[in-house]
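Undergrad: have a look; sequence and predicted model below, questions after that.
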Amino acid sequence: MSKIQLPPPGQAHLQRLNGDTAWLLSLPTYDDSAHEHCSQSGIFTLAIDPWLHTAGSTSYHPKFSREVRAVQAVVPSIEALDEQIHELVRLRSTSAARDEASNGLDAVLTAFEFTDHAHPESLANIPARIALFATQNASKHVHDLASRQPVVIPVSSWNQRPSWDEKVDSNLPQNVQLLTIPAREGWHPAWPRLHNALLILWRQRFTSSKDQGSAWKERYLLYSPHGIEETSVPPWLTQIECAGYLTGWDSHRIPLILGDKVQLGLEPALRIISKTRASRLINTHDEPKHAQGLISYLSRIQPLGGLSVDEALRIKRGDPDDQRQEAAQSILRHHLEQKGSEQEDDKTWHPVALALAAGAIIELD
């Protein structure tokens, strides 16, 4: 039985592929947005930072930093993920279209150059049919690991909202865009490599019973596992519906000379939620991995960023996901209450905090 699931046509969802920060995003596509890398099933599937292989992640040398996942991935490889999606697409296709529904996974996206994102064993031997995307910082690493050049994701404008009329990237469906949001602060050389964000923007058709017609709705996910500051969020982004912000909740620091703030934690994430009016605060990159090497001794990790509100005081690293979720929701509620006067203009906005196990699904509609 397949551990991978796809949403019904016309809907979007997100599935966690491991216990750390690998995800499968499934987005709706339409007849007028089909292209060679998009299956004709009406779904575009994108694997994000897919560390799926059981091999560990080594930075520079095992004695410097090596991590091994504690939670097994839902699938063992990109090839296996591709095969499961292919079978799901085939089964949902009509008999006449089954021979044509030959695509599986549409694309792989690597957001960071570090080996727990650009994982060497996971990125080897990717089928040539699957499109590769990478941020500028990760592109050379992906090229070396996958033995082909990925499509480099462009950097977003600070003042100008992206246009759908001028979209020219033929590697994506016409209703999907990928952008990098760069860090605009931080003095350490490691800061811009860690604290930027990936923006996944899409247009979705919704049917209105009132108008008895359909209309495009623009939505996005913001992915910044190490965290991004609110001062880096472009002003135009607040005008679009944010379906979710994926980020780490724990704060992680190493000595200043090596990079200082590796992961910002929950407090900056709450500011992003307030600014973007995101519907979901989604936990990622907080798996308590088996760590070895110098960095493991120098690291200082505070669960939930050290914020002390009610249940958060009792949360310890490695506790079940539902306890972390409950604590984070309590902190999020407290944060919004403190900013109560600023939220009066939107009585329908009730963001939720989600900490999910590997294989879990988030419906984005």
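TA: Sure, I can see it. Residues are numbered from 1 along each chain as shown.
Undergrad: where does the stretch 201-350 of the chain have low pLDDT?
TA: Within the stretch 201-350 of the chain, the segments meeting pLDDT under 70 span 207-214, 308-319, 340-347.
Undergrad: surely residue 21 touches residue 116?
TA: Yes - using CB atoms under 8 Å, residue 21 is in contact with residue 116, at 7.4 Å. Using the backbone N, CA and C atoms, a C-beta is placed for each residue, glycine as well.
Undergrad: settle it for me: which of those two has more neighbours?
TA: residue 21 (26 against 22; other CB atoms under 10 Å).
Undergrad: and the residue lying closest to that one once chain neighbours are set aside, which of the three is it?
TA: Here the nearest residue to residue 21 in space, its sequence neighbours aside, is residue 285; by CB to CB, 6 or more residues apart in numbering that works out to 4.1 Å. Secondary structure, DSSP: H, G, I helix; E, B strand; the rest coil: residue 285 is coil.
Undergrad: cool, residue 322 as well?
TA: Going by three-state DSSP: residue 322 is helix.
Undergrad: how about the contacts made by it?
TA: residue 355 (CB atoms under 8 Å, 6 or more residues apart in numbering).
Undergrad: how much space between it and residue 245?
TA: Distance from residue 322 to residue 245, counting by CB to CB, to the nearest Å: 20 Å.
Undergrad: hmm, back to that, which neighbours do residue 21 and residue 116 share?
TA: Contact criterion CB under 8 Å, 6+ apart; residues shared by residue 21 and residue 116: 49, 51.
Undergrad: how much space between the residue nearest to residue 21 and residue 45?
TA: Residue 285 is 21 Å from residue 45, by CB to CB.
Undergrad: ok, those two, which is more surrounded?
TA: Set residue 285 next to residue 45 and count neighbours by other CB under 10 Å: residue 45 wins out with 26 against 23.
Undergrad: then that one would be within a strand, right?
TA: Yes - the assignment for residue 45 by three-state DSSP puts it in a strand.
Undergrad: I'd say it and residue 24 touch.
TA: Yes - using CB under 8 Å, residue 45 is in contact with residue 24, at 6.4 Å.
Undergrad: mind telling me what element residue 138 is part of?
TA: helix 136-146 (DSSP states H and E).
Undergrad: packing partners of whichever helix or strand comes after that helix?
TA: Going down the chain from helix 136-146, the next helix or strand is strand 151-152, by DSSP H and E. On a contact count with 3 or more CB pairs under 8 Å, 6 or more residues apart in numbering; DSSP states H and E, strand 151-152 meets strand 131-134.
Undergrad: show residues contacting the strand it packs on.
TA: Strand 131-134 has contacts (CB under 8 Å, 6+ apart) with 37, 106-111, 118, 126, 141-142, 146, 148-153, 171, 178.
Undergrad: ok now that strand, how far from the chain's centre?
TA: In terms of CA atoms, centre = their mean, to the nearest Å, the centre of strand 131-134 is found 14 Å from the chain centre.
Undergrad: quick one: mean pLDDT for it?
TA: Computed over strand 131-134, the mean pLDDT rounds to 96.
Undergrad: swap in stretch 147-156?
TA: For stretch 147-156, the per-residue pLDDT averages 94.
Undergrad: report the buried residues of that stretch.
TA: Buried residues in stretch 147-156, counting neighbours by 16 or more other CB atoms under 10 Å, are found at 150-153, 156.
Undergrad: also stretch 350-359?
TA: Residues 351-356, 358-359 are the ones in stretch 350-359 that count as buried (16+ other CB under 10 Å).
Undergrad: quick check, nearest of the residues you listed to residue 330?
TA: Comparing those against residue 330 with CB to CB places residue 353 closest, at 8.7 Å.
Undergrad: if I look at the closest one, what pLDDT would I see?
TA: 93.
Undergrad: tabulate the buried residues of stretch 350-359 (JSON lines), appending secondary structure and distance to residue 3.
TA: Output for the buried residues of stretch 350-359, formatted as JSON lines (DSSP: H, G, I helix; E, B strand; the rest coil; distance: CB to CB, whole Å):
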{"residue": "351", "secondary structure": "coil", "distance to residue 3": "28"}
{"residue": "352", "secondary structure": "strand", "distance to residue 3": "24"}
{"residue": "353", "secondary structure": "strand", "distance to residue 3": "25"}
{"residue": "354", "secondary structure": "strand", "distance to residue 3": "19"}
{"residue": "355", "secondary structure": "coil", "distance to residue 3": "19"}
{"residue": "356", "secondary structure": "coil", "distance to residue 3": "14"}
{"residue": "358", "secondary structure": "coil", "distance to residue 3": "9"}
{"residue": "359", "secondary structure": "coil", "distance to residue 3": "6"}
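Undergrad: any chance of those residues in CSV, plus distance to residue 294?
TA: Conversion of these to CSV gives the following (distance: CB to CB, whole Å):
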residue, distance to residue 294
351, 38
352, 38
353, 33
354, 34
355, 29
356, 32
358, 28
359, 33
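Undergrad: identify, from those residues, the entry nearest to residue 62.
TA: Of the buried residues of stretch 350-359, the one sitting nearest to residue 62 (CB to CB) turns out to be residue 358, at 24.9 Å.
Undergrad: ok, that closest one touching residue 18?
TA: Yes - counting by CB under 8 Å, residue 358 does reach residue 18; the two are 5.4 Å apart.
Undergrad: mutual contacts of the two, please.
TA: 71-74.
Undergrad: please pick the buried ones from the residues you listed.
TA: 73-74.
Undergrad: quick check: residue 246 vs residue 114, distance?
TA: Where residue 114 is concerned, residue 246 sits at a distance of 16 Å (CB to CB).
Undergrad: so these two - more neighbours on which side?
TA: Between residue 246 and residue 114, counted using other CB under 10 Å, the more crowded position is residue 246 (27 against 21).
Undergrad: what's the first helix or strand after the strand or helix carrying the more buried one?
TA: Taking DSSP H and E as the definition, residue 246 sits inside strand 241-247. For strand 241-247, the following helix or strand on the C-terminal side (DSSP H and E) is strand 251-253.
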